[in-house]
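Engineer: Pasted the sequence and its predicted model underneath.
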Amino acid sequence: MNSARLPAQAARLFPRLWAIVVGIALLGLLARIGLWEAYAGSGRGPGLLAKALWHGVRYDLVAGGVGALLVAVIVAPLWLGGRRQAAARLSQWLGIALLLGFVLASLCEHYYYGFYKNRFDPIVFGLFDDDTSAVLATVWDEYPVLPGLAALALTALALSWLLPRAAAWLAHHWPYFPRVRARQAMIAVQIVLLLLLARGSVGTFPLVRRDVTVSQDPFVNALALNAPLTLYRAARLRAREVDIGTDADAGLRKLGFADLASAARAAGLPSGDPPRVEAALFAQAPGQRRTLAQSPHVVLALLESFGADLLTGDGPGNDLLGRLRGELPTGYVFNRFYAGQNGTHPELENLLLGSPITPLTHARNATLRFDTSAALPFQRAGYRTVFLYGGGADWRNIGVAFAHQGFDRVYDARNIRQRFPQATGTEWGLYDEYLFAFASQLLAEADARGERLFLFVLTTTNHPPYELDVAHRALPLDPGALGSRAETDREELHRTLATYQYQADQFGAFLQQLRNSPLGQRTLLAAAGDHNLRTHFRYSLPAEQPDVDRVFAWMRVPPAFAPPGQPDRNAFASHADLVPTLVSLALPGERYFASGRNLWEPVADGGQALAQFDRLYTREAVLFPLRAPRAHGWRGGDRIEAIGQAPTPQQRQQARQAAAWTALRDWHIRRAVIRSRTG
């Protein structure tokens with residue numbers, strides 16, 4: 001082939017590549033408008049949307065540049081080898097596939113945001129660790145799969161018509177230089193431009209490696225990235241979390257600390273010496289040790305999707321509590337209790353292992369034993385320790401992982417069915433009544449043998465697709481009681497309320513039976529929702545972020561084990577406080593991982609609660625993001641200011657100290673994993 005023709009042929013390839021860039025930019029614009037219309041709420045003006053679109057196009061150009069370069073690399077050998085028709089067809093279909101992939105990712109993220117109230121994050125990859133059939137059944141039931149596939153097919157047809165014509169129009173108007181050197185220069189300039197677009201910047205860090213801060217409004221910041229880039233960031237973060245690597249200080253630096261010593265100083269510790277730091281991460285429950293016979297049974301229940309904001313609609317015509325209502329006065333409801341994580345499995349690792357790293361008990365880490373485990377203080381004290389789950393123990397490999405964390409036995413749906421052959425359930429697990437009946441039997445059997453039981457219970461019924469095909473008490477339900485911000489699908493709302501009500505009623509029946517038996521006076525109970533219910537309200541974020549993070553939390557302590565005074569039920573608290581409280585009440589003198597505080601201890605500042613290791617709830621404001629916080633002051637009720645202000649020195653210090661303790665716990669757990677591989 002005449003070498004002079006190569007630049008001419010290559011030059012005609014570029015209009016097709018730029019058509020891909022333009023297509024991705026336009027699709028990114030539409031995806032952001034869709035997110036804005038669905039989730040921005042009524043308090044944001046068009047100026048903020050314009051800012052999100054203006055800054056977002058930069059990230060769309062990054063995605064477009066990467067996509068165009070990928071197509072160029074694939075088709076260039078064909079094009080330059082003289083097979084121009086084949087190369088043209090291939091570039092056309094690759095371009096359509098890229099644009100269609102962009103559309104699919106954007107649609108999936110649109111609904112993902114509606115469920116998790118977040119753009120793609122590492123939780124999205126955790127879905128692949130779930131029961132595949134259960135996930136597919138939930139998606140099929142909860143989301144417009146068939147209309148979505150039809151829309152995707154129509155989009156594919158539209159793209160197959162538009163993209164070739166757009167490329168042809170660009171090719172017709174593209175500058176063509178008769179001189180070879182001019183064409184070569186034009187090709188070189190376009191290659192450099194595509195490389196710069198893919199990098200996102202000139203002379204600085206690539207755009208995708210920077211923090212996205214284009215506004216004081218977190219929602220506007222969240223809109224800046226597009227779905228492929230949020231998925232890319234989530235994948236990178238997931239890889240760092242799953243493969244902890246060999247650097248124990250990685251979590252320290254992520255939260256802004258140069259080394260262990262600087263984090264220790266920020267936490268208020270006198271020394272950054274590793275053994276002293278590790279010792280400071282543990283505490284000893286005050287008081288004299290009891291004999292096992294003097295100790296209580298302890299039950300810790302994690303209730304699926306038992307968010308607290310739904311209870312604002314509870315009332316005579318919309319009874320969301322059932323038998324739980326009569327049990328609440330026998331204990332303490334914590335009114336400002338916030339979920340530590342945004343998913344069941346991340347919350348398990350936070351609650352039972354005190355881990356900021358998730359997933360932690362994954363792959364080769366599943367057989368490691370962490371000294372931070374909630375079960376270990378009870379096991380050391382002579383308790384029988386049991387993990388009880390209404391689903392299958394192969395979910396996220398919890399049967400293997402938690403059998404190595406000080407739990408003597410992990411029971412799941414198969415064990416429950418052996419005792420209750422009539423038990424039925426959903427794709428995610430058996431109905432809660434059978435789970436709690438099994439729990440009651442475990443307590444009675446342990447007590448009869450003279451044992452003391454530490455029992456962790458994880459429910460499953462109140463989970464999408466919200467099925468309740470089992471006989472249950474007929475209690476009134478009224479979706480209209482949720483008010484104007486409720487989702488509009490009344491049938492779906494009714495099913496959601498029904499499983500929420502059923503879980504509460506069955507938990508209340510368990511508590512009622514226990515209270516009316518001799519076991520009630522020697523059983524200490526704590527329960528909390530794992531995360532928000534997700535699909536019942538349309539939230540204006542971040543103003544209503546507290547409603548998204550707040551969950552039901554309750555504790556009952558028999559008089560023989562109750563300390564003087566009462567806990568502050570209006571102080572801020574979180575999952576991190578449950579195990580320290582239970583150990584302090586049940587096991588005086590025992591050592592435990594100090595992930596939080598004892599809720600019976602008075603707090604002069606109203607307490608603190610850390611949600612997702614990023615939002616710090618305090619009496620004056622919610623501070624986030626944790627590394628460089630803005631202060632979102634309270635506006636009354638459970639709403640906060642959408643636009644954060646610069647934190648006061650005291651608030652900055654609060655956030656810095658919370659970040660330091662999180663970083664130190666991260667360092668301790670990361671170090672344990674690294675030691676296990678080299679020891």
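Structural biologist: Perfect, thanks for sending it.

Engineer: what residues are up against the closest residue to Ala366 other than its chain neighbours?
Structural biologist: With CB to CB, 6 or more residues apart in numbering as the criterion, Ala366 has its nearest non-adjacent residue at 4.5 Å, and that residue is Ala401. Yep, even glycine has a C-beta here, placed from its N, CA and C like the rest. Residues touching Ala401, when contacts are defined by CB atoms under 8 Å, 6 or more residues apart in numbering, comprise Thr361, Asn365, Ala366, Thr367.

Engineer: Show the buried residues in those residues.
Structural biologist: Thr361, Asn365, Ala366 (16 or more other CB atoms under 10 Å).

Engineer: now, which of those residues sits nearest Ser676?
Structural biologist: Taking CB to CB as the measure, Asn365 is the one of the buried ones among the contacts of Ala401 closest to Ser676, at 8.2 Å.

Engineer: just checking, that closest one touches Val673?
Structural biologist: Yes: counting by CB atoms under 8 Å, Asn365 sits close enough to Val673 to count as a contact (6.1 Å).

Engineer: Spit out the residues that contact the two alike.
Structural biologist: Common neighbours of Asn365 and Val673 are listed as Ile244 (criterion: CB under 8 Å, 6+ apart).

Engineer: neighbours of Ile74, just the number please.
Structural biologist: Burial of Ile74, expressed as a neighbour count using other CB atoms under 10 Å, amounts to 13.

Engineer: just His575 next, same as before
Structural biologist: 29.

Engineer: May I have the phi/psi pair for the closest residue to it other than its chain neighbours?
Structural biologist: With sequence-adjacent residues excluded and distances taken as CB to CB, 6+ apart, His575 is closest to Gly340, at 4.0 Å. Gly340 has phi and psi values of phi -70, psi -30 when expressed as degrees, to the nearest 10.

Engineer: residue contacts, Gly340?
Structural biologist: With contact set as CB under 8 Å, 6+ apart, Gly340 has these partners: Glu347, Asn350, Leu351, Ser574, His575, Ala576, Leu610, Ala611, Gln612, Phe613.

Engineer: Is the second one located within a helix, as I assumed?
Structural biologist: Just to be clear, that refers to Asn350. Yes: secondary structure assignment (DSSP: H, G, I helix; E, B strand; the rest coil) places Asn350 inside a helix.

Engineer: which residues does the residue nearest the centre of the chain contact?
Structural biologist: Using CA atoms, centre = their mean, the residue of the chain that lies closest to the mean C-alpha position is Asn342, 3.4 Å off. Counting by CB under 8 Å, 6+ apart, Asn342 makes contact with Tyr116, Lys117, Asn118, Ile123, His531, Gln612.

Engineer: Just to check, the fifth one is in contact with Ala339?
Structural biologist: Yes: between His531 and Ala339 a contact is recorded at 4.8 Å, counting by CB under 8 Å.

Engineer: shared neighbours of these two, which are they?
Structural biologist: Both His531 and Ala339 are in contact with Glu347, Val551, where contact means CB under 8 Å, 6+ apart.

Engineer: Val103: how many residues sit nearby?
Structural biologist: Other residues near Val103 number 21, with proximity taken as other CB under 10 Å.

Engineer: ugh, wrong one, Gly326
Structural biologist: Using other CB under 10 Å as the criterion, the residues surrounding Gly326 number 13.

Engineer: Run through the neighbouring helices and strands of the helix or strand where it lies.
Structural biologist: Gly326 is located in helix 324-327, with elements delineated by DSSP states H and E. Of the remaining helices and strands, those touching helix 324-327 by 3 or more CB pairs under 8 Å, 6 or more residues apart in numbering; DSSP states H and E are helix 490-515.

Engineer: Please enumerate the helices of the stretch 301-450 of the chain.
Structural biologist: Taking DSSP state H, counting those that start in this stretch, the helices of the stretch 301-450 of the chain run over residues 324-327, 344-353, 375-380, 398-401, 413-419, 432-448.

Engineer: how close does the nearest residue to Phe306 once chain neighbours are set aside sit to Leu455?
Structural biologist: What sits nearest to Phe306 in space, not counting adjacent residues and going by CB to CB, 6+ apart, is Gly529, at 3.0 Å. Separation of Gly529 from Leu455 (CB to CB, to the nearest Å) stands at 18 Å.

Engineer: Of those two, give the one with the bigger neighbour count.
Structural biologist: When Gly529 is set against Leu455 and neighbours are counted by other CB under 10 Å, the residue ahead is Gly529, at 28 against 24.

Engineer: Hmm, the more buried one is touching Val551, no?
Structural biologist: Yes: using CB under 8 Å, Gly529 and Val551 qualify as a contacting pair, with a distance of 3.5 Å.

Engineer: Now for those two: what residues contact both?
Structural biologist: Taking CB under 8 Å, 6+ apart as the contact criterion, the common neighbours of Gly529 and Val551 are Phe306, Gly307, Ala308, Ala339.

Engineer: Of the residues you listed, grab the buried ones for ChimeraX.
Structural biologist: The ChimeraX selection below is limited to those of these classed as buried (16+ other CB under 10 Å):
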select :306,307,308,339
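
Engineer: From the shared contacts of Gly529 and Val551, pick the one nearest Gln651.
Structural biologist: Of all the shared contacts of Gly529 and Val551, Ala339 has the smallest distance to Gln651: 21.9 Å, by CB to CB.

Engineer: quick one, phi psi at the closest one?
Structural biologist: Listed backbone geometry of Ala339 is phi -70, psi 130, with angles given as degrees, to the nearest 10.

Engineer: Return the distance of it relative to Ala611.
Structural biologist: In this view, Ala339 and Ala611 are 6 Å apart by CB to CB.

Engineer: now swap in Phe438 and tell me
Structural biologist: Distance of Phe438 to Ala611, computed by CB to CB: 32 Å.

Engineer: returning to that earlier point: can you tell me which of the helices of the stretch 301-450 of the chain is most buried?
Structural biologist: When the helices of the stretch 301-450 of the chain are scored by mean count of other CB atoms under 10 Å, the highest mean neighbour count falls to helix 344-353 (a mean of 25).

Engineer: so what does that one touch, helix or strand wise?
Structural biologist: Where contact means 3+ CB pairs under 8 Å, 6+ apart, helix 344-353 is packed against helix 123-126, strand 297-303, strand 453-458, helix 578-586.

Engineer: Could you tell me the angle between the helix or strand just after the first one and helix 490-515?
Structural biologist: When you say that, I think you mean helix 123-126. Downstream of helix 123-126, the first helix or strand assigned by DSSP H and E is helix 132-142. Using axes from the mean of the first three to the mean of the last three CA atoms, to 10 degrees, one finds that helix 132-142 and helix 490-515 are set 130 degrees apart in direction.

Engineer: The helix or strand following helix 132-142 relative to helix 132-142, how many degrees between them?
Structural biologist: Reading on from helix 132-142 to the C-terminus, the next helix or strand found by DSSP H and E is helix 145-173. Using the same axes, to 10 degrees, the interaxial angle of helix 145-173 with respect to helix 132-142 works out to 80 degrees.

Engineer: returning to what we had before: now, which of the contacts of Gly340 lie within strands?
Structural biologist: When DSSP state E is applied, the contacts of Gly340 are split such that Ser574, Leu610, Ala611 fall in strands.

Engineer: Report the contact partners of the residue lying closest to Gln341 once chain neighbours are set aside.
Structural biologist: With CB to CB, 6+ apart as the measure, Glu347 is the residue that lies nearest to Gln341, at 4.3 Å, once sequence neighbours are left out. With contact taken as CB under 8 Å, 6+ apart, Glu347 is in contact with Leu302, Ala339, Gly340, Gln341, Asp530, His531, His575.

Engineer: Quick check: the second one vs Asn532, distance?
Structural biologist: When CB to CB is the yardstick, Ala339 and Asn532 sit 7 Å from each other.

Engineer: which residues do those two both contact?
Structural biologist: Shared contacts of Ala339 and Asn532, defined by CB under 8 Å, 6+ apart, comprise Asp549, Arg550, Val551.

Engineer: Quickly name whichever of those is closest to Asn221.
Structural biologist: Taking CB to CB as the measure, Asn221 sits nearest to Asp549 out of those, at 18.2 Å.

Engineer: just for this structure, where's the confidence low?
Structural biologist: Across the chain, the ranges flagged by pLDDT under 70 are 1-12, 42, 79, 126-133, 171-184, 186-187, 201-214, 240-242, 679.
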